[in-house]
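Asks: show me the folded form of this:
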Amino acid sequence: MNKSLALVSGIVMMSLAGCSSQLEKQTASGSYDYLDAKQSKPVDTPADLDKPNFTRDYALPEVGQGANDKLVGRNVPVTSPALVHPLVTGSHVEEGSRDAAVVFDQVDDRQPLSDAVWATLQGYLEKENVTVASFDKQSGKLVTEWFTLTREIEDEDSPWYALSDDVEVERKRKFAFTLNVKPHGRTAELKAELLDFQETQGKQVKDSVNELEKRREEVAVLNQVIAHYEYQIQLDNTRRMAQIRRGLSTEMGFNSKDDSAIVVDGKYDVVWPRMLLVLRKLGFDVKDLDKSTGLLFVTYNGADDGWWGNLFSGDDEILEQGDYRLKVEPRQERTVVTFMNDESQPFSPKEVTDIFEPFSSVMSQDDLDI
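Replies: Modelled structure (predicted):
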């Protein structure tokens, strides 16, 4: 019996020695004797003597107006500062900004930047089951209902012999998100602001936070929104890459000017990057390109002596080596590709018919090698 008691006592003592409370992790360690220090009197110099020169190298500055005089001793938080994480491509934090804010730059022209940011924020709130209290897109402000988080923390008042020293804490927060878009629409700043706070621990209710805690809450929720934005971008890129590598059907047709062209059964944002793979596979080098206008400047060097070479060469060569241009145009859910010579003259119907078979064969191929 004595051995069992000694073993249990030893384990308890080791646990107490090795554990530190949540409060201890957030406060400075060491002595607080400086709180009892008194300001020493300056040296009195007799009136008939010259006053010595005293250095001001170690003089303490005056406390600024509005400073919190309660942040001394154990009340001084020593946790790391809350920092905004600009994970999204083209995002950054303004130097010197004290707000919980992040700046986004337009890197994807498929939709307006403001629409992308609002959609991301609303998607994040939906994922977290948070209701939108109000949303005014024109003024650029969205206000949420309560974010509710329930967790267990160490009970500081729990006796050492208690079977469990954890207590359930419910934390609720409301936020306002403000989106300021530059007049050109390609830069926008998203800011998070804590509007209301409530934390319940047993019968204790806390309904206010200091400035440090307020910023920590604002930065935390903003970083979660940014992380969700980055996740959505990566997910969208993965889906687009799968679409780009998937074969697309084609047919003969006409462009907007009634010139003979090839119509691809795919959206412009999918066909455009896939065109680069197709052209490379067919023996073209892309010299220059402009996605906004849909123009591709290419050089045909001749196909390899393999299977594709048999499609492009022979007794009657289909396409001569040299420089060419291609015009890629969106048409609702489809895309029109027009082949032209180096002077922007569209191919004749016969030339388009000749090139259609090899072009269609590669465009419809799955898992093209990059």
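Asks: poorly predicted segments of the stretch 201-350 of the chain, please.
Replies: Low-confidence segments of the stretch 201-350 of the chain (pLDDT under 70): 303-318.
Asks: mark out where each domain of this protein begins and ends.
Replies: Domain assignment for the chain by automatic domain parsing gives 79-242, 246-363.
Asks: among the ones you listed, which is nearest Asp44?
Replies: domain 79-242 (41.7 Å; Cβ to Cβ). (C-beta placed from N, C-alpha, C; glycine too.)
Asks: follow-up on the earlier one: what's the closest of the domains of the chain to Ser40?
Replies: domain 79-242 (31.9 Å).
Asks: return the distance of that closest one from the chain's centre.
Replies: Put simply, domain 79-242 sits 12 Å off its chain's centre (Cα atoms, centre = their mean, to the nearest Å).
Asks: start to end distance for that domain?
Replies: 44 Å (Cα to Cα, to the nearest Å).
Asks: ditto for stretch 252-264
Replies: Stretch 252-264 end-to-end distance (Cα to Cα) = 9 Å.
Asks: give me the buried positions along it.
Replies: Neighbour counts using 16 or more other Cβ atoms under 10 Å place 255, 259-264 of stretch 252-264 among the buried residues.
Asks: what of stretch 362-370?
Replies: Quick answer for stretch 362-370 (16+ other Cβ under 10 Å): 362-363, 365, 368.
Asks: and the furthest pair within the residues you listed?
Replies: Met363 and Leu368 (9.0 Å).
Asks: residues shared between the contacts of those two?
Replies: 274, 278 (Cβ atoms under 8 Å, 6 or more residues apart in numbering).
Asks: just the helices in the stretch 101-250 of the chain please.
Replies: Ranges of helices in the stretch 101-250 of the chain, per DSSP state H, counting those that start in this stretch, are 113-127, 211-245.
Asks: now the buried residues of stretch 252-264 in a markdown table, with distance to Arg239 and secondary structure?
Replies: Output for these, formatted as a markdown table (distance: Cβ to Cβ, whole Å; DSSP: H, G, I helix; E, B strand; the rest coil):
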| residue | distance to Arg239 | secondary structure |
| --- | --- | --- |
| Asn255 | 28 | coil |
| Asp259 | 33 | coil |
| Ser260 | 33 | strand |
| Ala261 | 28 | strand |
| Ile262 | 25 | strand |
| Val263 | 23 | strand |
| Val264 | 19 | strand |
